[in-house]
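Asks: Dropping a prediction and its sequence here:
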Amino acid sequence: MRRRLLDAADRRIAAVAHLSIGFGVVIGVGFLLGLAINLGIWLRSRLSPTVKFHAEQAGTYQFLVLVSNVLFGVIWIGGIILLMGGSQVGEGLLSLRQLMMGGWLSLIGLEILWYFGTILYGVYAGLKIAFGGDFSYPIIGPWVERRLAARDRRR
């Protein structure tokens, strides 16, 4: 079931729900601020099923991005702590621990790409909605559709 944006106000509010992930660039409380904005939109979206769909979809995406970033950070820092201790350079050769540490540090580029890529994808969604298009995150969009349809059937 595709939800059509009814008017420009709905389109702007739905776009803001997606664009609020942009606060994630501000490291620290940025993702939490985006989620708070999204929660406010979702709570006020009772009049428009389209805005409700986009707010719930964007909120789910932002929450999953926040959780995955925290998990990646904890795993990455934990890996560095485990790999740092107790190795020495000897005779020009690197120990296995030092080689693993170098490999682990090289993964920071992928973490940075993931971090900014997930934010840019949310901004892309918001811009697509703002310019009159329709957008659905893979996996999340259809899941939210089913949830909202089941909720509507129960009423």
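Replies: Received the coordinates, thanks.
Asks: Can you give me the distance of R146 to A9?
Replies: R146 sits 27 Å away from A9, going by CB to CB, to the nearest Å. For glycine as for every other residue, the C-beta is placed from the backbone atoms N, C-alpha and C.
Asks: and if you look at W114?
Replies: 34 Å.
Asks: These two: who's more crowded?
Replies: Comparing W114 with A9 by other CB atoms under 10 Å, the one with more neighbours is W114, at 14 against 11.
Asks: And the closest residue to the more buried one other than its chain neighbours, which helix or strand is it part of?
Replies: With CB to CB, 6 or more residues apart in numbering as the criterion, W114 has its nearest non-adjacent residue at 7.0 Å, and that residue is F72. Secondary structure from DSSP states H and E places F72 in helix 49-84.
Asks: which element follows that helix toward the C-terminus?
Replies: As assigned by DSSP H and E, the chain's next helix or strand after helix 49-84 is helix 96-106.
Asks: So which residues make contact with the helix or strand following that next one?
Replies: Using DSSP H and E, the helix or strand that follows helix 96-106 in sequence is helix 108-130. With CB atoms under 8 Å, 6 or more residues apart in numbering as the test, helix 108-130 has contacts from 5, 11-12, 14-19, 21-22, 24-25, 54, 58, 61-62, 65, 68-69, 72-73, 76, 134-135, 137.
Asks: what's the next helix-or-strand element following helix 108-130 packed up against?
Replies: Beyond helix 108-130 on the C-terminal side, the first helix or strand identified by DSSP H and E is helix 140-154. Packed against helix 140-154 by the contact rule (3 or more CB pairs under 8 Å, 6 or more residues apart in numbering; DSSP states H and E) you find helix 49-84.
Asks: Show me what the helix it packs on packs onto, helices and strands only.
Replies: Helix 49-84 packs on helix 8-19, helix 30-43, helix 96-106, helix 108-130, helix 140-154, going by 3+ CB pairs under 8 Å, 6+ apart.
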